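S.K.: here are the coordinates; sequence isn't available:
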Ligand SMILES: Nc1ncnc2c1ncn2[C@@H]1O[C@H](COP(=O)(O)OP(=O)(O)O)[C@@H](O)[C@H]1O
Ligand SMILES: [Mg+2]
C-alpha cells in the first residue's frame, strides 16, 4: 500500500528530506514521529502528490510518483485513493457540513445528489455528527470540525488515509473524540499514516513507527519494538 524508496527533497539550499525509505509500512497504521521541522509534513504531502521531490520514488495505493513535476492525470487518480486530514481541518466555510462531505463524491465520482446525501449522512453518523448535517463548519467545535474532515476524506473510500497531527489544534476532550474515531478506523483495517506527538495514541493504534530527525529516518520498526 505504501512504499518509499530513497526519497530526497530540497527547498533552496535546505535538504528537507534525505534518502527517506519506508520499508515495513505496507498496510496497517504507520505513526510518523519526530521533532518539529524534521520533515514529517513534507513527507506526508509528498505521499499525496502535494509536493514534488528531487530523487527517489514512492508508491501509494498502487500509484507511482517519480521525481519532478507530477502528471495531473496521475494525481487525479491518486487522490481518489488517498485521503488527507490536515492540522487545521480546512473545511469549506461557505458549505454546510453535509455539503463538505458530499462535494468530492458528487464532483469527482459524479455520484447522484440523493445517493451522495445518504452516503454522507451515514459517514456523519459514524463520526457522531449526523445532527449537524445542515450546520456551517464555523458553528462547530474544533473536534467536531476535525471529525467532519475525517468523514469528508472517508467519502471517497480512500485506500490510504493521511493524518497530519490531527489533534494538535484541539483541547484534551476534543482530542480524545477525534482519536477514538481514528482508532475505530484502524480497527476496521483502514491503512493510514498518522503524524503524531501522542505516544499513548501511537501505542494504541500504530503497527509501524517511523521517526524522522532532520529529514532522515532515525529509526523505524514495529510499533511494539520502537515504542517500548
Ligand atoms: N513552504 C515551505 N517553504 C520553505 N521551507 C519550508 C516550507 N515548509 C516547510 N519548510 C521547511 O522544511 C523543513 C521540514 O518542515 P516540515 O515538513 O513542516 O516539518 P515537520 O512537519 O516535521 O515539523 C523545516 O525546516 C521547514 O522550515
Ligand atoms: Mg508538520
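M.R.: Arrived safely. The structure presented is a predicted model; accordingly, all values stated were derived computationally and were not measured. Ligands and ions are numbered 1, 2, ... in the order given.

S.K.: Can you tell me the closest non-neighbouring residue to the residue minimising distance to the centre of the chain?
M.R.: Among the residues of the chain, the one closest to the centroid is residue 162, at 1.6 Å (C-alpha atoms, centre = their mean). Using C-beta to C-beta, 6 or more residues apart in numbering and skipping the chain neighbours, the partner closest in space to residue 162 is residue 84 (4.5 Å). C-beta coordinates here come from the backbone N, C-alpha and C atoms, glycine included.

S.K.: Strands of the chain, start to end?
M.R.: 2-11, 14-22, 29-34, 55-60, 63-65, 82-85, 160-164, 191-195, 208-213, 216-222 (DSSP state E).

S.K.: Quick one: residues contacting the residue nearest to residue 162.
M.R.: Residues in contact with residue 84 (C-beta atoms under 8 Å, 6 or more residues apart in numbering) are 44, 48, 50, 153, 161-164.

S.K.: In terms of distance to residue 12, which of those ranks first?
M.R.: residue 50 (18.5 Å; C-beta to C-beta).

S.K.: and for stretch 57-67, what are the contacting residues?
M.R.: 1-7, 46-49, 52-56, 74, 77-78, 81-82, 158-160.

S.K.: Now that stretch: buried residues?
M.R.: Applying a neighbour-count criterion of 16 or more other C-beta atoms under 10 Å, one finds 58, 60-61, 63, 65 buried in stretch 57-67.

S.K.: Count the residues that sit near residue 87.
M.R.: 16 (other C-beta atoms under 10 Å).

S.K.: Against residue 9, how distant is it?
M.R.: 20 Å (C-beta to C-beta, to the nearest Å).

S.K.: likewise residue 221?
M.R.: Between residue 221 and residue 9 the distance is 23 Å, computed by C-beta to C-beta.

S.K.: For stretch 181-190, buried residues please.
M.R.: 181-182, 185-186, 190.

S.K.: Give the other helices and strands that the lengthiest helix in the chain contacts.
M.R.: What stands out as the longest helix in the chain, according to DSSP state H, is helix 172-187. Applying 3 or more C-beta pairs under 8 Å, 6 or more residues apart in numbering; DSSP states H and E, we find helix 172-187 packed against helix 142-154, strand 191-195, helix 199-205.

S.K.: Put together JSON lines for the ones you listed, with mean neighbour count and distance to residue 119 on each row.
M.R.: Listed next are the helices and strands packed on helix 172-187 as JSON lines, based on neighbours: other C-beta atoms under 10 Å; distance: least, C-beta to C-beta, whole Å:
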{"stretch": "helix 142-154", "mean neighbour count": "24", "distance to residue 119": "9"}
{"stretch": "strand 191-195", "mean neighbour count": "24", "distance to residue 119": "20"}
{"stretch": "helix 199-205", "mean neighbour count": "16", "distance to residue 119": "25"}
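
S.K.: Reformat those as JSON lines; add mean pLDDT and distance to residue 211.
M.R.: Below are the helices and strands packed on helix 172-187 laid out as JSON lines (pLDDT from 0 to 100; distance: least, C-beta to C-beta, whole Å):
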{"stretch": "helix 142-154", "mean pLDDT": "96", "distance to residue 211": "24"}
{"stretch": "strand 191-195", "mean pLDDT": "96", "distance to residue 211": "11"}
{"stretch": "helix 199-205", "mean pLDDT": "92", "distance to residue 211": "11"}
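
S.K.: Give the residue spans of this structure that score low on pLDDT.
M.R.: 24-26 (pLDDT under 70).

S.K.: Within range of ligand 1, give me the residues from it.
M.R.: For the chain, the contact set with ligand 1 under C-beta under 6 Å from any ligand atom comprises 11, 14, 16, 34, 36-42.
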